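A.B. asks: got a predicted model here, sequence first, then my questions.
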Amino acid sequence: MNITGSYQSMFRIPELKRRILFTAMILLVYRLGGHIPTPGINREALRAFFDAQSGTLMGLYDMFSGGGLRNATVFALGIMPYISASIILQLLQTVVPYFEKMAKDGEAGRKKINELTRYGTVFLALIQSFGMAAGLEQMSGGIVLNPGFAFKIMTAITLTAGTVFVMWLGEQITERGIGNGISLIIFIGIVARYPADILNTFQQLRSGEMHIIKGLIIGVFMLAVVAGIIAITQGQRKIPVQYAKKIVGRRSYGGANTHIPLKVNTAGVIPIIFAQSIIMFPATLTHLFPGNGFFETLGRIFNSPHPVYVISYSALIILFAYFYTAVILNPVDLADNMKKNSGFIPGVRPGKKTAEYIDRVLSRVTLPGAVFLAVIAVLPDLLIKVFNVPFYFGGTGLLIVVGVALDTLQQIESHLVMRHYDGFMTKGRLRARR
């Protein structure tokens, strides 16, 4: 497989070239907007505050905003309100019949859900930005230059407008660019931190703070972890499905053999985000109530590498992996749809037995994916605090980066293959038909 030829082929297809350049321009706009400061905030004092917030919910939000929260930019909230609104609506589809019916209404229902997600994003952004402004006023260190009601309103409007603009940028990438726009915006915010980490590592190697052998071992270990993430992300269990042949008039329909792909990691990175939101809460309380003995003890126990933290964090991830998989993939619905279309799994009776079979296979397939997610989530803290690795490697950020990169490459691959060019991940070479 000629990778160089594949990269060159991307720019031989006018439509694909236009989509890639459009995506790059939108991401550049996002990064430039991430340096516009929010009025009325002392950025140096805010950075000093965030330096003490590692391992808290504030640090998690800062990662998803690409450092915008730490630097008090107009994109400080980033895309987190949109993600929260999307997750809330997805959960509502499983418990509220109105939203469940809407999700099954096809394209019209999808448009309505997207519209509600946008309204929810604005609502959550207003609440979070106003709460953030009020919280900043309560902090010491002169973070807010001119506190008052006018500052709260100005900050709420500014940050909400920034979130809406980021949401619009993401939707533009999805419609006119390449890849999932929201995911790419999160991706570029996380990747923007990597150059500083790489430079810091090289400086430590040059100064002798890190031995060259240790650096090589860490590098090999990182490659192995990335390979493992790719394998888990791409891994799936294929359940064979056959469709009975129907004869209508003189024509026959159906009779096809296909499969249901059950992914090893169906829930993606969501279980880690849910688990982090819970496990970081004690540490957040410790910073909000300094000097309180109970909160300090709680924060010390639920902090890496304490065994209670590691066990609780891992258990929460595995629990949420099963929970979110059950939310987005319903075996009963799959079995009903197969039965309506005269499909069946060989050796399994249609209906209830099929649903039970899919549920059993899904439960077994999800376990290794959930355990792997727990290992990847705990890995960064162990590497930093036990092995003194000078950068944050693993966890939510790495899973998002690898997952989004794979998804984007697959979309580029589909464009290349459709036009008879060699792809990145195809087996063998395709002859170009000119």
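C.D. replies: Yes, it's here.
A.B. asks: what's next to stretch 15-35, contact-wise?
C.D. replies: Residues outside stretch 15-35 that contact it (CB atoms under 8 Å, 6 or more residues apart in numbering): 10-11, 65-68, 71, 73-75, 162, 165-166, 169, 172-173, 176-179, 181, 184-185, 188-189, 192, 412, 415-416. Where C-beta positions appear, they are placed from N, C-alpha and C, glycine not excepted.
A.B. asks: among those, name the ones in strands.
C.D. replies: Judged by DSSP state E, strands contain none of the contacts of stretch 15-35.
A.B. asks: just the buried ones among those residues, please.
C.D. replies: Buried by 16 or more other CB atoms under 10 Å: 10, 65-68, 71, 73-75, 162, 166, 169, 172-173, 177-179, 181, 184-185, 188-189, 412, 415-416, out of the contacts of stretch 15-35.
A.B. asks: before we move on, back to that, just the contacts of stretch 15-35: which are in helices?
C.D. replies: Members of those lying in helices (criterion: DSSP state H): 10, 162, 165-166, 169, 172-173, 176, 181, 184-185, 188-189, 412, 415-416.
A.B. asks: can you tell me which of those is closest to residue 45?
C.D. replies: Among these, residue 162 lies closest to residue 45 (CB to CB), at 20.6 Å.
A.B. asks: any idea how far the helix or strand that contains residue 26 is from the chain center?
C.D. replies: Assigned by DSSP states H and E, residue 26 falls within helix 14-33. In terms of CA atoms, centre = their mean, to the nearest Å, the centre of helix 14-33 is found 20 Å from the chain centre.
A.B. asks: report all helices and strands that whichever helix or strand comes after that helix contacts.
C.D. replies: Beyond helix 14-33 on the C-terminal side, the first helix or strand identified by DSSP H and E is helix 43-51. Packing partners of helix 43-51 (3 or more CB pairs under 8 Å, 6 or more residues apart in numbering; DSSP states H and E): helix 57-64.
A.B. asks: helix or strand right after the helix it packs on?
C.D. replies: helix 80-95.
A.B. asks: that following helix to helix 181-191, inter-axis angle?
C.D. replies: Per axes from the mean of the first three to the mean of the last three CA atoms, to 10 degrees, the angle that helix 80-95 makes with helix 181-191 is 130 degrees.
A.B. asks: can you give me how far helix 80-95 is from the chain middle?
C.D. replies: 14 Å.
A.B. asks: can you point out the buried residues in it?
C.D. replies: Buried residues in helix 80-95 (16+ other CB under 10 Å): 80-87, 89-90, 92-93.
A.B. asks: export these to a markdown table and append columns for pLDDT and distance to residue 217.
C.D. replies: Below are the buried residues of helix 80-95 laid out as a markdown table (pLDDT from 0 to 100; distance: CB to CB, whole Å):
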| residue | pLDDT | distance to residue 217 |
| --- | --- | --- |
| 80 | 82 | 35 |
| 81 | 87 | 41 |
| 82 | 89 | 40 |
| 83 | 85 | 36 |
| 84 | 84 | 39 |
| 85 | 88 | 43 |
| 86 | 87 | 40 |
| 87 | 83 | 38 |
| 89 | 87 | 45 |
| 90 | 82 | 41 |
| 92 | 86 | 47 |
| 93 | 83 | 46 |
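A.B. asks: and which of these is nearest to residue 229?
C.D. replies: For these, the nearest to residue 229 is residue 83 (20.3 Å; CB to CB).
A.B. asks: gap between that closest one and residue 412?
C.D. replies: As judged by CB to CB, to the nearest Å, residue 83 and residue 412 stand 24 Å apart.
A.B. asks: and for residue 106?
C.D. replies: Taking CB to CB as the measure, residue 106 falls 28 Å from residue 412.
A.B. asks: which member of the ones in helices among the contacts of stretch 15-35 is positioned nearest residue 312?
C.D. replies: Closest to residue 312, out of all of the ones in helices among the contacts of stretch 15-35 and judged by CB to CB, is residue 189, at 27.9 Å.
A.B. asks: let me know whether residue 234 touches residue 403 as I believe.
C.D. replies: No - Residue 234 is beyond contact range of residue 403, at 10.0 Å (criterion: CB atoms under 8 Å).
A.B. asks: quick one: which of the two has more around it?
C.D. replies: Comparing residue 234 with residue 403 by other CB atoms under 10 Å, the one with more neighbours is residue 403, at 21 against 14.
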